[in-house]
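> Build me a model from this:
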Amino acid sequence: MGGMIIVTGGTGFIGSATVWALNKRGEKDILIVDFLDHPEKEHNVGPLQYEKLIGEYQLVVDNKTPMLIIVEKAKPAPRPDKPKRMQIMIATAVLSSLFALLAALAAERRKNTV
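Take a look at the predicted model:
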């Protein structure tokens, strides 16, 4: 790829999998930016190859003045995006029944016109 790759959230499940995939491609010039606030995160980055891990979200770019980036921790959504399975199943059953009824009516109409 060329140049350092910065992976934010690199100690979590998805971030560490991203670093792992980059390692598989031969990339090792990687800066991981994340907090090691859980033992599982330490386990996630253990086998990975990376240049540096910083946990205070402080990045230095091209020898310019350091920049502090504060990232708010993720919060659960007030309304999860997960579909309500039972409502979807009922709606599917109702629509399937209506479609079957319309198909039966169309077939009956054709039979009566012949």
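
> Give me the three-state assignment for Leu53.
The three-state assignment at Leu53 reads strand, by DSSP: H, G, I helix; E, B strand; the rest coil.

> doesn't Gly15 make contact with it?
No. In this structure Leu53 lies outside contact range of Gly15 using Cβ atoms under 8 Å: 10.9 Å. (Glycine included, C-beta is placed from N, CA and C.)

> residue nearest the centroid of this protein?
Nearest residue to the geometric centre of the chain (Cα atoms, centre = their mean): Ile14, 7.0 Å.

> in this structure, which helix or strand is least confident?
Within the chain, no helix or strand scores below strand 67-68, which has a mean of 48 by mean pLDDT, DSSP states H and E.

> That one: what's the following helix or strand?
Sequence-wise, the next helix or strand downstream of strand 67-68 (DSSP states H and E) is helix 85-113.

> Can you tell me which helices and strands that following helix packs against?
For helix 85-113, there is no helix or strand it packs on, judged by 3 or more Cβ pairs under 8 Å, 6 or more residues apart in numbering; DSSP states H and E.

> mind giving me the domain ranges of the protein?
5-68, 76-114 (automatic domain parsing).

> Highest mean neighbour count out of those domains?
Most buried of those, by mean neighbour count (mean count of other Cβ atoms under 10 Å): domain 5-68, with a mean of 14.

> Low-confidence stretches in the protein?
Within the chain, the ranges that satisfy pLDDT under 70 run 1-2, 56-84, 114.

> make it 50
The chain contains residues with pLDDT under 50 at 66-70.

> that older thread, mutual contacts of Leu53 and Gly15, please.
By the contact definition Cβ atoms under 8 Å, 6 or more residues apart in numbering, Leu53 and Gly15 are jointly contacted by Ile32, Asp34.

> Distance of Val33 relative to Lys41?
Counting by Cβ to Cβ, to the nearest Å, the separation of Val33 from Lys41 is 13 Å.

> again, but for Gln49
Taken as Cβ to Cβ, the span from Gln49 to Lys41 is 17 Å.

> just Ile32 next, same as before
Using Cβ to Cβ, Ile32 is found at 10 Å from Lys41.
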